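Engineer: Only the shape, not the letters, is given here:
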């Protein structure tokens, strides 16, 4: 067994062990499960003389490793949290540890407690309070303890004691805010808001009607900084650096750019996963190994889970990984099933249709389970929009460069912004049209009503189909 194969199975078993703990399965049940998996694989490998299966059977021990790591991590997290009686109103100080996420009626932020208390809490507060990452706050209120989640302070009294210290994160967020301001100065408001979402995942400028239209048309993902957006960014950065520098220097510069961008936009599950995938993708050619998408997916999931096993139960994490798996594995499977050859089409509609369809096929059961909604005509909306996303992001990047030099380039920004406006206006028209013209096509059901056994059976059938057409391994050109 090769090293990359062993790494894959070890990672999978560790992740399963973590999930078993998070699902509150007792350690005795997990021990029996490990014995069953080990025995089944060992007997099968021994009887049919499958050396690889025999080796995998021993790697199944890592199920227990993942289970007890999650157990240890939760205990460590509990010890790090020091708060007085949760039923009392008390005064404490915090440092804002993440950029606040603004909504119409509130803004949410994570904050690190300052001694004599310790740990991290989530704060919901007034949407108009001017708070940034790195600010020191004096907070007065009750803190609600929640199982398996960080404690919550809901609309406490807040006084800003100190503004951010001006560290790297604060400077990056300032640059992001300055760039977004430049978008609004050079493009009309609705299109500038969409550009901010495409480039930075920022939805603060979205009107409630436009948010609803994104959801109804099934196009919310384009402003969520998914792997699609990050892949465009990584490819562009690597291409630019590769033109001027050696391959090795291009690698380090691209990794540095990925890290900087990830910090600037906030390390959410989909962004961190995409950043890790990008890192592995550009590392593999440098060390002389063929890039395995399968390993990259699993290893990036493991890295995130090591820092916080609870991310495995995050809706964003699950949907992000499933959509990626759909794009990587279902697209070539469908091409094989229907014998589709590679060819150019108008607006690349066929490739966009396959990509969107494959991603939605993978997330559909969980989407219905968590949200109770599935839009049938979203395939057509995405097919028409996706081809324009790289161009919109490219225009946004150039406008960002203009914005870096300040308002004295405002005229050049407005001139160039006209081209960005045309692309963005096209996307807005498509989103609004599909949201308002095909509302009847959305399938709705009560959240959580779809059976978990049905979901498991659905993914098992998809896995069998993929395996049947032998699409398990791809080179980097298929990614």
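Structural biologist: All right, it came through fine. Source: prediction; values computed, not measured. Numbers count the residues shown, from 1 in each chain.
Engineer: ok, so what distance separates residue 326 from residue 88?
Structural biologist: According to Cβ to Cβ, to the nearest Å, residue 326 and residue 88 sit 49 Å apart. Heads up, the C-betas are built off the backbone N, CA and C, glycines and all.
Engineer: Residue 16 now?
Structural biologist: Counting by Cβ to Cβ, the gap from residue 16 to residue 88 is 41 Å.
Engineer: Specify which residue of these two has the higher count of neighbours.
Structural biologist: A side-by-side neighbour count of residue 16 and residue 88, using other Cβ atoms under 10 Å, places residue 16 first with 19 against 9.
Engineer: what helices or strands is the helix or strand hosting the more buried one leaning on?
Structural biologist: In this structure, residue 16 sits in helix 3-22 according to DSSP states H and E. Judged by 3 or more Cβ pairs under 8 Å, 6 or more residues apart in numbering; DSSP states H and E, the packing partners of helix 3-22 are helix 27-47, helix 51-59, helix 62-80, helix 293-307.
Engineer: average pLDDT across the shortest one?
Structural biologist: I take that to be helix 51-59. The average pLDDT within helix 51-59 is 89.
Engineer: Check the burial of residue 336 by counting its neighbours.
Structural biologist: Neighbour count for residue 336, taken as other Cβ under 10 Å: 14.
Engineer: wait, doesn't it sit right on residue 465?
Structural biologist: No: judged on Cβ atoms under 8 Å, residue 336 makes no contact with residue 465 at a distance of 10.3 Å.
Engineer: follow-up on the earlier one: most tightly packed of the helices and strands packed on helix 3-22?
Structural biologist: helix 293-307 (a mean of 19; mean count of other Cβ atoms under 10 Å).
Engineer: Could you check the angle that helix makes with helix 62-80?
Structural biologist: Helix 293-307 and helix 62-80 meet at an angle of 30 degrees, taking axes from the mean of the first three to the mean of the last three Cα atoms, to 10 degrees as the criterion.
Engineer: pLDDT below threshold where in the stretch 101-250 of the chain?
Structural biologist: Applying pLDDT under 70 to the stretch 101-250 of the chain flags the ranges 148, 164-170, 225-228.
Engineer: again, only using 80
Structural biologist: 101-104, 116, 118-119, 132-134, 146-150, 163-174, 204, 221, 223-235 (pLDDT under 80).
Engineer: per-residue pLDDT, residue 290?
Structural biologist: pLDDT, residue 290: 53.
Engineer: Residue 412 now?
Structural biologist: Residue 412 carries a pLDDT score of 81 in this model.
Engineer: Show me the strands in the stretch 301-450 of the chain, by range?
Structural biologist: For the stretch 301-450 of the chain, the strands defined by DSSP state E, counting those that start in this stretch cover 373-375, 442-444.
Engineer: Determine which of these shows the lowest mean per-residue pLDDT.
Structural biologist: Minimum mean pLDDT among the strands of the stretch 301-450 of the chain: strand 442-444, a mean of 62.
Engineer: Starting from residue 424, give me the distance back to residue 223.
Structural biologist: Counting by Cβ to Cβ, the separation of residue 223 from residue 424 is 12 Å.
Engineer: what sits in contact with each of the two?
Structural biologist: By the contact definition Cβ atoms under 8 Å, 6 or more residues apart in numbering, residue 223 and residue 424 are jointly contacted by residue 194.
Engineer: Map the structural domains onto the sequence of the protein.
Structural biologist: 3-80, 90-165, 173-472 (automatic domain parsing).
Engineer: Nothing else from me, thank you.
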